[in-house]
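Asker: Provide a 3D model corresponding to the input given below.
(one chain, ligands or ions: 1)
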Amino acid sequence: MTYYCARCANQCGIRPAPPSTDFLATQYQREKHQKHTIPASSHRIQSIFDNQSPDYYRDTMLEAYKRGAIEVTSRVKDVLFCPSTQSSIGYKQSYGLHIDRQDTVRVVKSDDWLRVQSFLNASSDHSRHRCDCCSGPLFAST
Ligand SMILES: [Zn+2]
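Answerer: I've put the predicted structure just below:
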């Protein structure tokens, strides 16, 4: 995997373009949004946004496309956006049992406009990752 911090992602021109379609354009995307806003005990791993509104989902993804770090895996680019390491925006659970608070949005399938979706990670999941361009941390410490 190759990582780019937000600044190097801009300078290297590898930032994916945000969709011009709605983030909830397809049934597939609406089901993913539901999975990540409505708690259920049936998922082995489920991350849940505190804010359930589609507007919030869209806004955080647009911010991610603009300001996030990029993880490149073969031909796929995931966008990692941590608005602030000081404030979580949701949580992760396993079969309904709370695991941890989460502060980072991960946008997956970022170049497939009808499948792009996001869920939550913890910035601490990436604390060992360094930008392959400048060797700095992925997220500016805020
Ligand atoms: Zn960098």
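Asker: for the most centrally placed residue in the chain, give the beta-bridge partners.
Answerer: The residue lying closest to the centre of the chain (C-alpha atoms, centre = their mean) is residue 106, at 1.4 Å. Using DSSP bridges, the beta-bridge partners of residue 106 come out as residue 80, residue 119.
Asker: you'd agree it is up against residue 82?
Answerer: No: the criterion here is C-beta atoms under 8 Å, and residue 106 misses it with residue 82 at 9.9 Å. For the C-beta atoms, the positions are set from N, CA and C on the backbone; glycine is no exception.
Asker: how much space between residue 52 and residue 39?
Answerer: Separation of residue 52 from residue 39 (C-beta to C-beta, to the nearest Å) stands at 10 Å.
Asker: elements contacting the longest helix seen in the chain?
Answerer: Assignment by DSSP state H gives helix 54-67 as the longest helix of the chain. Applying 3 or more C-beta pairs under 8 Å, 6 or more residues apart in numbering; DSSP states H and E, one finds that helix 54-67 makes contact with strand 76-81, strand 104-108, strand 117-121.
Asker: tell me which of those sits nearest to residue 66.
Answerer: Residue 66 sits nearest to strand 76-81 of all the helices and strands packed on helix 54-67, at 8.7 Å, using C-beta to C-beta.
Asker: give me the contact list for that closest one.
Answerer: 14, 16, 60, 63-65, 67-71, 104-111, 121, 126, 138-139 (C-beta atoms under 8 Å, 6 or more residues apart in numbering).
Asker: return the residues of the chain in contact with the ion.
Answerer: By the rule C-beta under 5 Å from the ion, the part of the chain lying against the ion is 5, 8, 131, 133, 134, 136.
Asker: distance from the chain centre to the helix or strand where residue 70 lies, please.
Answerer: Applying DSSP states H and E as the criterion places residue 70 in strand 69-73. Relative to its parent chain, strand 69-73 has a centroid offset of 11 Å by C-alpha atoms, centre = their mean, to the nearest Å.
Asker: likewise stretch 5-19?
Answerer: Per C-alpha atoms, centre = their mean, the centroid offset for stretch 5-19 relative to its chain is 15 Å.
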